[in-house]
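>>> Sequence first, predicted coordinates after that:
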Amino acid sequence: MSVDRLNLAQQDAVNHLRGPCLVLAGAGSGKTRVITHKIGRLIQTGLEAKRVAAITFTNKAASEMRERARHLIGKAAGEVLICTFHALGVRLLREDGATMGLKPQFSILDSDECLSLLKDCGTTTDAATARQWQWTISRWKSEGLTPEEALAQATSEGERETARLMAHYHERLVAYQGVDFDDLIGMPLRMLRNHASVSEKWQTRLGHVLVDEYQDTNATQYELLKLLVGTEGNFTAVGDDDQSIYGWRGATLDNLKRLPLDYPRLKIIKLEQNYRSTSAILRAANNVIGPNPKLFPKRLFSELGEGEPVRVVDCDHEMHEAERASARIQSLRASSVQKEWRDFAILYRANHQARLFEQALRRAQIPYKVSGGQSFFDRAEIKDLCSWFRLWINEDDDPAFMRAITTPKRGIGHQTLAQLGDLATKYHLSLFGALFSHSLGGVLSARAVGSLQEFGRCVNDLQHRARHTIGEEAAKVFLSDWLKDIGYEKYLQDAEESDKLAASRWNNVLDFCEWMAGRCGGRIDDAAGASGGSESKSLLDVAQTISLLSTLSEREQDPNVVTLSTLHASKGLEWPHVILAGVNEGLLPFRTDDAPADAVVARIEEERRLMYVGITRARQTLAVSWTRRRKKGREIIAAQPSRFIAEMALDQTTAREDPRAKLKALRAEFALKAAVTEQAAQAASKD
């Protein structure tokens, strides 16, 4: 494997194989290339592939890294553990969770199920209140706090109430043999801390750990990494303090500050050459981020040429801004036959800003997608099927039990289920465990008992068959037969008034089953990182990782459409042409009226990093738009350009443009060419 095509800083990072290493990778500086080449270099110099781990934050990033590693180093890439932090947590708990009281087939509850559980624990039907509890508990878990520790440090009665609720919530999760997403980091951390033999096992198994997007780690992820790499500290952390934009969900720059203190031998390497953007765009980005304090100073540069100047587009109001964005896209696309719709993105600070851009694009007949739409796994029909899979894996998963036994309906009424629940509570059983209790006949009729136990035997039979269903073709047959047996297609037809909607939902089911079967055959990457290689898996093995997958669309080719996205969701992506919209005070930076005085500075610094991320998504052209007036409630108020526009230090005499005028000129030019062509054709016909 040659590193000749890497620049000197990249080569330095790839060749540092022993001890701790921090790679400060500026936007577009080739960090994924460095990580994959370093994986190859570690294997080339004698480290077994199965002892290399690369940890990312999203399934999509893991899938891309896996594909790049496979292209670079071939078959050995299949043995490398490339996964998300949460998938790594699952792997740790599946193998050694018994030390924490977990059986290997524990359940992973999604956000909605956790919310329902909190409503039940807190005896409320108010979703907003339960959501606030959920956020607070998640924050405490990200800080590594137990319910007892959260209660001890609570400063108000509201926090004390939430801490007590957290204890009940934890008890319920234990009873369900379930975990939430925060537990996938917190529980492995406690396991490694409290069980030296488990910690030693994993430190021996993992010879080198690479962490992507290190600036996005929270406190528990940092501690987990420390326990995985041990005192030797054979790790490579790749990140960029200028792109730390997730403070609101627990990410902390303190992790970058702590590295040199915890690892005095830390080697720091800066990647400052950008391979994505033109010099004009990078100059604006460097100027914007300049006022922020620096942990590790760096300045991006490019050899791609000066390029087009960054444009500032001032608009009268939000609808005008959307129209000008649409006009700019049309004019740029018309200027070259090589430009496609997928080359364009409109980025903004908040989700609500998308609506007017959607309207403008629809009027112009420009195809688009709104990034961050409904996850495929959030669709009701997919959740229905996944509840059955979860029950095969973990019979104590009560939320999955309730959904599976009622979807499709099996003639088992709510009263029967309520009495079953009372019995389960009385004898400290799961709902599934209560099905076969000797006491069941004392509270339910023989007919009801028969229906419940028939369901239980059905689940046991499916679980057994799924464990022995290996390979793609066998999985296809199994899933097809199972859907027929439970009558799911008829259930959808009966549930929907529209045949078209029922057919659409059924097609989703078929697509999902085909995708599941493909994973059984090793045809589709295991994005959850449960196992390497492309060998066939059992259907039960595949079902165990479903809860970690986000969307099927992550594996699909991007359609040829314009992207509308929030700035947070755009991180890690890039487009040739970007419009950064709504760059007004109060939007970007977001208003800080509600923040304490000592927090305002930190909030502004993070918003500045968000602006930096937005600028560095652009490869060839960048337009930054703001409005003189904005709608606030029912009022129209005066608005000001963001301070970040001035901080870009653009040459305003060349940076302003009117895309409508440019589009009008292009259309006139095309019309003139068409007229000349028509005249020439007429003259030729006369001759």
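Great, that's in hand.

>>> Find me the pLDDT at His168, would you?
Looking at His168, its pLDDT is 90.

>>> for it, what are its contacts?
Residues in contact with His168 (Cβ atoms under 8 Å, 6 or more residues apart in numbering) are Cys121. Using the backbone N, CA and C atoms, a C-beta is placed for each residue, glycine as well.

>>> and it, what element?
Assigned by DSSP states H and E, His168 belongs to helix 157-176.

>>> Next secondary structure element downstream of that helix?
Per DSSP H and E, the helix or strand that comes after helix 157-176 is strand 178-179.

>>> Residues contacting that next one, please?
Leu93, Leu102, Phe106, Ser107, Ile108, Leu109, Leu173, Met187, Asn394, Asp396, Asp397, Pro399.

>>> and what of stretch 195-207?
Taking Cβ under 8 Å, 6+ apart as the rule, stretch 195-207 contacts 42, 47-48, 51-53, 81, 92, 96, 99, 191-193, 227-230, 232, 234.

>>> residues of the helix holding His168 that come out buried?
Using 16 or more other Cβ atoms under 10 Å as the test for burial, helix 157-176 gives Thr162, Ala163, Arg164, Leu165, Met166, Tyr169, His170, Arg172, Leu173, Tyr176.

>>> and Lys75, what is it in contact with?
Neighbours of Lys75 in contact, by Cβ under 8 Å, 6+ apart: none.

>>> so it sits in a strand?
No. Read with DSSP: H, G, I helix; E, B strand; the rest coil, Lys75 is helix and lies in no strand.

>>> Show the pLDDT at it.
Per the predicted model, pLDDT is 87 at Lys75.

>>> where's it relative to Arg205, distance?
20 Å (Cβ to Cβ, to the nearest Å).

>>> Same question for Glu489.
Taking Cβ to Cβ, one finds Glu489 at 45 Å from Arg205.

>>> ditto for Gly186
21 Å.

>>> Export stretch 583-602 to PDB, keeping only CA atoms.
Output of stretch 583-602 as PDB, limited to C-alpha atoms (Å, rounded to 0.1, in the frame of the first residue of the first chain):
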ATOM      1  CA  VAL A 583     -27.900  34.700   7.700                       C
ATOM      2  CA  ASN A 584     -29.500  37.300  10.000                       C
ATOM      3  CA  GLU A 585     -28.900  38.300  13.600                       C
ATOM      4  CA  GLY A 586     -31.300  36.200  15.700                       C
ATOM      5  CA  LEU A 587     -31.100  33.300  13.300                       C
ATOM      6  CA  LEU A 588     -27.400  32.800  12.700                       C
ATOM      7  CA  PRO A 589     -26.300  33.400  15.300                       C
ATOM      8  CA  PHE A 590     -29.400  32.200  17.000                       C
ATOM      9  CA  ARG A 591     -30.900  34.500  19.500                       C
ATOM     10  CA  THR A 592     -29.300  34.300  22.900                       C
ATOM     11  CA  ASP A 593     -31.900  36.300  24.900                       C
ATOM     12  CA  ASP A 594     -32.700  33.300  27.200                       C
ATOM     13  CA  ALA A 595     -29.100  32.400  27.900                       C
ATOM     14  CA  PRO A 596     -27.300  33.500  31.100                       C
ATOM     15  CA  ALA A 597     -24.700  36.200  30.600                       C
ATOM     16  CA  ASP A 598     -21.800  33.800  31.200                       C
ATOM     17  CA  ALA A 599     -23.200  31.400  28.600                       C
ATOM     18  CA  VAL A 600     -23.700  33.900  25.800                       C
ATOM     19  CA  VAL A 601     -20.000  34.000  24.700                       C
ATOM     20  CA  ALA A 602     -19.900  30.200  24.400                       C
END
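
>>> now it, how far from the chain's geometric center?
Centroid separation between stretch 583-602 and its chain, computed with Cα atoms, centre = their mean, to the nearest Å, is 26 Å.
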